[in-house]
Every structure is written in C-alpha cells, then in structure tokens.
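In: Test case, fold it:
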Amino acid sequence: MTSSLCLRLVAVWLLFAGLTGLVCGLNYRLDGTVLPTHYNLTIGVLRNASDPALFDGQVGITLRVVGTAPVQQITLHADTLEISECRLLGAVTGTSGALQVVEAIDISKLIYEATTQQLTVPLTQALTVSEEYVLEFKYTGRIREDMAGLFSASYVEAETNATKWLAVTQMQRINARYVLPCFDEPAMKAKFQLQIVRPDGYQTIANTKLMETTPTGEDRYVDQFEETPLMSTYLLAFMVTGYSARGNMSEFAILTRPEYYNNTEFSFEVGQRVIPAYGDLFQSNYSDLGNKVLQYASSPRFPHNGMENWGLIIYSDAVLVQIPGYTDDWSDKEFAIRIIAHETSHMWFGDSVTFDWWSYFWLNEAFARYYEYFMAHQLYPEYHLDEQFVVRQMQLIFGTDARNSTQPMTSPEAEIQTPAQIASKFSSIAYAKGASIVRMWRNCMGAENFDNALRDYLKQNHLLNTVPNNLFYYLFEYWPTNQYVNLVQFFADYTEQVGYPMLIVNLTRQNHIVQIEQRRFLLNPGDGSNATLKYTVPLTYTTNLEANFYNLTPRAYLDKLVDIFQAEFKDPIDWVVVNLRQSNYQRVLYDETLMRNLQVALSATNHSGIPVENRAQIIDDFFNFARVGYLDYADVFAFLEYLSWEMDYVPWYAFFENLQLVAKRLTREQLTDFRNYLGDVTAAVFDKLGVVWSEEDTPLDVANRNKVVSWLCRYQASRCRYQIYEFISANQEQKPTPDYRQTYYCAASSQFHGMLIVWQKYLEEGRATEKELLWSAMACLRDFDTFYYKFILEEATPVSLKKIGIATSYEENPDLVQPIFEMITSNITELALS
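Out: Here you go, the predicted model:
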C-alpha cells in the first residue's frame with residue numbers, strides 16, 4: 001500500500017470519527033445512560049499542616065438510569081484525584097426504602113482514561129431502570145497553582161504585613177473534575193449540597209446561603225450551605241477566606257479582604273442597581289430564579305475579570321475595589337460597571353438557562369457582552385456605552401471575522417469534543433460577534449418584540465439547557481410579520497456561517513437610484529477563506545432628503561440569492577448613508593461620488609446630522625478598504641480632513657485605532673508629513689480639550705483628551721510634549737488623575753528634567769502597580785541612551801521592568817526606532833547579563 005493511499009484512508013477515517021463524536025478513537029462525551037440529580041459534597045482543607053495543598057473530599061452522587069437498557073458500568077469525569085473508597089448504594093427489596101450498600105467497588109478495578117479524563121466504575125450487577133442509586137467516593141486532591149479547579153491565592157495584609165492565604169474555585173470550563181468525581185458536562189445539571197471543613201480563623205462562602213457552622217474538634221469547623229438550584233457543574237463555587245462583607249449575606253453582599261471594605265462602596269452601589277434592573281427587564285426577579293442570595297467576591301489572583309457562578313460571582317480585585325487616587329477614576333469605574341453588568345446578566349443567561357453543549361457557548365456570552373454595554377448604558381448613560389459599542393466591540397471583531405482563522409458562532413457538536421476544541425469556543429467570536437448579532441436582531445425586530453421574545457425564552461427554559469433553535473423559536477414568534485425575510489436563513493447566515501458582507505453602494509441615473517450589492521469582506525483573500533459566501537442582509541439607509549438616522553427597522557433584506565438591490569428616489573440625492581448607526585453586521589463601500597459628497601456632509605454644521613456611530617463606521621470602513629486595496633490611502637486621508645471639525649470621542653476612537661497599523665509602517669522620512677497632518681486635523685479638538693482637566697469634564701471628554709494627547713505627544717505634534725512638561729513642572733505636588741497619569745507622565749518624561757520629576761515620584765511611590773506605571777513613563781525619554789545605560793543596564797532592575805522600558809522606548813519614540821534598535825543590539829550581551 002502506498003503512503004499516499006494510507007494518508008487518504010486515514011483522512012477518511014478521521015472524518016468518520018469526527019461525525020460520530022470520536023477523536024483519535026476516543027469518545028470524549030459521556031454516554032448519557034446515567035444522569036446525576038444531586039451531589040452531596042464535603043471538602044476539607046488545611047487538615048495537614050505539613051502538606052497544606054492537600055484537600056480531602058467525599059461525595060455522594062444521586063443517579064438515575066436513562067432509557068430502558070440495564071447499565072453495567074458508570075462513566076463520569078475525574079482528574080488528578082486519588083480515590084480511596086468507592087461504593088454504590090441503592091434501595092434493597094424488603095427494606096423501608098432507605099438506601100443500602102449494593103456494592104463496594106474494588107478501587108483497583110476502576111478504569112481511568114487520562115486523555116478523556118473519564119473514570120469508569122465497573123459493576124458486578126447492572127443498574128435497574130427507574131431505581132435511584134447513590135455513587136459514593138472518598139478521595140484526596142491538590143489545591144492547585146494554575147487557577148483551575150480549587151486553587152490558592154494570597155495577599156499581604158497592609159496593617160500587619162502578614163501573608164494571608166485563601167482558596168478559590170474556577171470550575172469553568174471543565175475544571176470541576178479536579179475537585180470531585182462528577183458528570184462534568186453542561187447539560188448534566190444537578191443540585192449540590194455543600195459542606196466545607198476548615199480551620200478556625202477562616203470562613204467559607206459558596207453558591208448559596210450558609211445554613212450553619214458546627215465544630216468538629218481540634219479547632220476545625222464544618223460550614224453547611226443550602227442546596228443549590230439545578231445547575232451545571234461548571235457553576236459550582238466556594239472560597240475559604242478571611243473576608244469581610246458589605247451588605248446582607250442573606251440577600252446581596254460584596255466580600256473582600258477587610259482592608260478593602262471602604263473601597264467597595266461604588267461596586268456595591270452598581271450591584272444594587274444592576275440586579276433589580278435585570279429583574280425588571282426580564283420580568284423575573286433574581287430571587288425567583290431559585291437562589292436567595294447573590295454575593296460578589298474578589299480575589300487577588302483570578303484567571304478572568306469575573307466568573308458567573310450562580311449566587312457567588314468571583315471577580316478579580318480590580319473590578320470590585322476602587323482605591324482612592326489610584327483606581328477610582330472614570331475608566332476604572334466604567335470597567336467595574338461593565339463587568340458587573342456582564343457577570344450579573346449570567347444569572348439569567350447561563351445559570352438559569354444554560355447552553356446544551358460548548359459548541360453553543362455564545363448563547364451565554366453573546367447576551368452577557370450585549371448587556372455589558374446596553375444595561376450599563378441604561379444605568380450609567382454618561383458613558384455613552386451604546387455608542388462606544390460599535391468601536392470597541394463590532395469594529396474590533398470585524399478584524400477577526402475577516403480571516404481564515406475565524407470560526408462560526410455555532411459549531412457542529414462533533415467538532416467540539418476535546419478540551420482544546422472546547423477552549424477554542426471561548427473566543428471573541430462568541431462574545432463580541434455574538435453581541436453584535438444580538439444587537440442586530442434587536443434593531444431589526446424592535447426593542448419591545450426583542451424583550452418579549454427573551455422573556456418567554458428565559459421563562460420557558462428555566463433550569464433547562466438550550467440549543468440555538470430554542471432561542472430562534474421565540475425570535476420567530478415575535479418577529480414583525482410585515483418584514484419579508486427568510487428568518488431561518490437569516491439566523492443561520494450569521495451563527496452557522498463565518499464572516500460578514502461588505503455592501504458596495506453606487507449612485508446612478510442622475511442621482512435618482514442607489515444600487516447595493518454584497519461581497520464577503522476579507523483582509524487577505526488568498527488565505528484560504530471562502531470568498532463566495534453570501535448573507536441575508538438587512539438594509540437600513542437614509543439620504544440628505546430626510547436624514548432620519550433613528551429608524552433602524554430594515555427597509556428591505558437583500559437575499560443571498562439576489563445580486564443587486566435598487567432604491568429609487570423621486571428627487572435626486574446628494575448622499576446616502578447605509579447601515580444606520582452601524583446597527584447591522586456589515587461594512588459599506590461607497591462609490592467616488594458618494595464618498596466625495598459624504599465628506600462635504602460630514603464637514604457641514606453638526607455633520608449634517610450624521611450620528612457618531614456612522615461617522616466612526618465610515619472611518620473604520622475606509623481604513624480597512626484601503627488596507628486591502630479597495631481604496632487608496634491618499635484618498636482616505638484626504639477624506640478624513642473632515643476631522644478638523646470633529647469633536648466627539650467615538651469617531652476619534654475609530655481614527656486612532658486604525659492609525660496604529662498605518663503609523664507603525666511609516667518611514668522616518670514620512671513622519672514629518674504625518675506629524676503635520678495629525679496636528680492639522682486635531683487642532684480644533686485639541687484646542688477645545690486642552691491639557692488641563694476640569695470637574696465639568698464628562699467621561700468621554702476625559703477619554704477623548706487622553707487619546708488626543710497621547711497621539712500628539714507621541715508624534716511631537718502641536719507642541720503637546722512641551723505643554724504637558726510645563727503643566728507637570730508647575731504642578732509637581734499635584735498628581736494627574738489616574739485617567740491621565742500614564743499619558744501625562746510619559747509626555748513629561750520625554751524631556752530629561754521631566755523624567756527626573758517622574759523618577760522622584762517613582763522613588764517615593766510604594767504601590768507596585770503605580771511604580772510600574774511610573775517606570776514605563778520614564779522610558780519615554782527621548783535621550784534614550786541615558787535611560788538605557790542608567791536605568792536598564794546599570795540599575796538592579798527586575799527583568800519585567802527592563803522589558804517594559806525597552807518596549808516603551810520603541811513605542812513612544814517612533815522616529816528613534818532604528819537608533820534604539822542599533823543601541824540595544826550592540827549591547828545585547830551586556831543586556832542579557834544585566
């Protein structure tokens with residue numbers, strides 16, 4: 001047999017295996033013949049002083065047989081657990097109904113498959129259909145260091161300088177199997193009864209309300225918690241800490257280390273507003289979902305911003321704790337608002353109603369990311385997060401979804417089997433694209449219809465698992481009947497298919513007809529992507545004749561089988577804007593006439609009413625069209641001279657984000673022209689904002705000033721660095737607010753005397769994160785060799801700070817990249833040994 005024939009046979013076999021759920025001959029999915037209904041779990045920590053990472057566990061899993069065939073073995077998940085006892089309990093004929101030991105399983109007969117992390121318990125007699133059993137294990141495990149399962153964290157107490165230890169859980173994605181033998185698949189929901197045995201001096205918090213604490217002797221106690229609602233294993237959570245609580249631990253509370261108590265007032269207020277707001281929106285209060293308590297807890301060490309465990313949302317410290325003068329600025333508070341809104345929404349989308357398998361993970365995260373922005377906007381409109389969504393989420397994900405490496409929101413279950421494949425679904429596609437598609441659906445069907453559809457979806461699927469069609473059913477039910485669209489195709493085009501369309505818009509017939517056709521947008525058509533994909537495209541547009549940007553109901557849908565859509569106007573038009581408020585998942589390319597007329601419109605008073613979302617859309621689209629050759633960069637920069645009249649943050653955000661790619665490719669000779677251009681187009685907005693902040697500033701004023709100053713100072717435009725240096729020099733006792741600190745200290749440090757001011761602040765600063773910020777700012781010095789030899793090579797500087805310093809020198813002195821590179825390479829040995 002030839003090698004090529006062997007390879008073809010292997011390929012056919014792999015295809016077959018994928019379709020049947022097998023990967024390399026291994027089945028990663030449990031067979032579903034036995035399902036859990038209840039876990040009675042006891043975990044003991046810190047029992048052995050000589051081995052504090054050891055924990056012991058005991059679990060009784062109540063089981064039921066599914067189907068009609070007797071079951072001869074039980075397969076579930078376990079990983080890195082040492083099992084010491086295993087037995088099966090069941091009802092015995094002739095007894096009062098109490099469970100008796102049916103079989104004590106010889107642990108040497110247990111079968112463990114390391115690759116699939118599956119544990120098989122062989123039985124000498126088959127389980128009987130319709131009977132209830134309890135499978136019990138005694139075991140030990142390890143408190144881990146890798147922030148998976150049950151792991152350790154610590155902090156240094158400010159008052160005593162003592163190191164305080166805590167244990168934290170992170171069960172998502174498939175980490176519950178590190179803590180207990182379990183059926184670790186999202187659809188295998190069960191209730192959990194939890195007991196934690198811990199030493200005196202600690203407390204335990206978990207998914208539900210603490211019922212009682214009882215002593216066991218030897219200064220150890222058992223904390224027993226109320227039974228959880230029916231939920232997936234990845235939502236199980238507990239912490240062993242010495243925390244204090246703000247609020248009522250029987251209802252809503254924030255738990256942090258005691259010294260942070262006074263720094264959680266803001267996040268507590270956010271939670272108090274967010275929780276009832278979701279109850280009103282979904283017409284289902286949190287307490288009605290099945291859990292009386294909701295706690296927010298922080299951890300000094302955590303793999304994510306937050307994790308939506310039902311009843312115990314665990315956040316990184318940075319989310320819940322606002323330190324005055326350090327992390328209590330506008331941007332930090334906005335971060336807290338968004339993440340709290342995101343994680344709290346999961347109590348409905350994810351915890352109460354859970355995706356059936358990881359291939360549908362977006363059913364959780366698309367809604368959480370959507371409400372992260374739009375619930376936050378409802379409660380804190382001063383941040384304009386509804387407008388920011390288009391530049392920080394949709395335009396961000398457009399880059400990912402225009403490459404061959406993208407993936408669909410929904411993948412076939414057979415393709416998502418292994419831990420690595422499951423991990424792949426935790427991508428920005430599930431979050432940012434998912435939220436963009438959710439927003440598109442809402443805009444197409446209308447807010448009231450959308451809200452009603454979601455209310456019914458949540459109500460009818462409470463405590464259940466769902467697939468996308470369960471959601472689509474309710475979207476169908478409430479979709480306006482006067483819209484002519486194939487909804488089955490529409491939903492599939494954006495969830496099961498990758499990518500998105502760009503709309504090519506032409507003005508014809510003496511400006512009376514607009515023609516629109518579609519093509520898939522790709523950043524690199526030669527990367528193997530399918531360029532022939534088409535989509536069901538909702539069309540929204542307005543012209544200079546009406547300029548109505550607020551009706552987001554599609555005027556029509558461009559079917560994927562139709563080549564061209566035409567809109568005819570009685571009177572000739574000057575311009576048309578397609579995709580109002582960038583409400584739909586698409587880019588728009590205008591012909592030369594429309595492009596020229598749009599620039600005139602944008603340069604007119606109030607930008608002719610064109611809203612910030614569309615101005616940002618045009619900027620982002622044009623840059624990306626130039627990137628792939630549909631437009632010339634010279635024409636784009638000429639068009640963007642309209643920015644001379646632009647004052648709003650969202651269009652500037654789009655401009656600066658896209659400039660990053662362009663600016664890094666400029667030669668040293670081109671930088672002079674670029675500096676002049678940048679100074680010209682930002683002159684008006686820089687004049688308005690200045691470098692001195694005011695109590696009257698809005699959050700977007702702050703963000704806009706920071707962006708503009710950062711770019712002007714980096715490219716030495718508009719005397720920006722001098723103005724900042726003068727300000728910092730004249731106000732040495734006054735720190736810039738945290739929002740500006742990185743930007744302003746960097747600009748001031750470009751001059752040697754400014755750097756000395758920042759260095760002095762570095763020497764006086766005791767907070768580690770602030771010292772890192774100041775160090776990074778010092779590296780902005782244009783006299784780069786002084787910084788390099790004095791601070792990088794000669795000082796006993798940690799490697800982490802050396803890396804930051806070198807990277808910042810490159811980033812903030814674009815005209816000096818070559819000499820910086822030559823200096824470093826000429827001293828590479830000395831650098832390595834320093």
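
In: Under a three-state scheme, what state does the most centrally placed residue in the chain occupy?
Out: Centroid-nearest residue in the chain: Tyr431, 6.0 Å away (criterion: C-alpha atoms, centre = their mean). Under DSSP: H, G, I helix; E, B strand; the rest coil, Tyr431 falls in the helix class.

In: Contact partners for it?
Out: By C-beta atoms under 8 Å, 6 or more residues apart in numbering, the contact set of Tyr431 is Trp362, Glu365, Ala366, Ala368, Arg369. Every residue, glycine included, has its C-beta placed from N, CA and C.

In: Show me what stretch 113-123 is in contact with.
Out: Outside stretch 113-123, the residues that touch it by C-beta under 8 Å, 6+ apart are 26-28, 30, 71-79, 83, 86, 88, 103, 105, 109-112, 135, 174, 177, 181, 184, 419.

In: Just the buried residues of the residues you listed.
Out: Listed as buried from those are 27-28, 30, 71, 74-79, 83, 86, 88, 103, 105, 110, 135, 174, 177, 181, 184; burial here means 16 or more other C-beta atoms under 10 Å.

In: From these, which land in helices?
Out: Per DSSP state H, helices hold no members of those.

In: other SSEs contacting the helix or strand hosting Ile504?
Out: Using DSSP states H and E, Ile504 maps to strand 501-508. Packing contacts for strand 501-508, counted by 3 or more C-beta pairs under 8 Å, 6 or more residues apart in numbering; DSSP states H and E, involve strand 513-520, strand 537-539, strand 576-578, strand 587-590, helix 592-603.

In: what comes up buried for it?
Out: Applying a neighbour-count criterion of 16+ other C-beta under 10 Å, one finds Pro501, Met502, Leu503, Ile504, Val505, Asn506, Leu507 buried in strand 501-508.

In: where's the fifth one relative to Phe565, distance?
Out: In this case it means Val505. Noted for Val505: a distance of 10 Å to Phe565, by C-beta to C-beta, to the nearest Å.

In: got any residues that touch both of the two?
Out: Gln515, Ile516.

In: Tell me, how many residues neighbour Leu54?
Out: Using other C-beta atoms under 10 Å, the number of residues around Leu54 comes to 16.

In: got a list of what it touches?
Out: Residues in contact with Leu54 (C-beta under 8 Å, 6+ apart) are Arg47, Asn48, Thr140, Gly141, Arg142, Ile143.

In: In PyMOL, how would I select just the buried ones from those?
Out: Here is the PyMOL command that selects only those of the contacts of Leu54 that count as buried (16+ other C-beta under 10 Å):
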select buried, resi 47+140+141+142+143
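
In: For the contacts of Leu54, please prepare TSV with the additional fields distance to Ser694, secondary structure and pLDDT.
Out: Compiled in TSV, these are given as follows (distance: C-beta to C-beta, whole Å; DSSP: H, G, I helix; E, B strand; the rest coil; pLDDT from 0 to 100):
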residue	distance to Ser694	secondary structure	pLDDT
Arg47	58	coil	92
Asn48	59	coil	91
Thr140	60	strand	98
Gly141	56	strand	98
Arg142	54	strand	98
Ile143	50	coil	98
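
In: would you turn the contacts of Leu54 into TSV with distance to Gly609?
Out: Shown next, in TSV, are those (distance: C-beta to C-beta, whole Å):
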residue	distance to Gly609
Arg47	69
Asn48	71
Thr140	68
Gly141	63
Arg142	63
Ile143	60
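
In: Return the member of the contacts of Leu54 nearest to Glu477.
Out: Distance to Glu477 across the contacts of Leu54 (C-beta to C-beta) is lowest for Gly141, with 46.7 Å.
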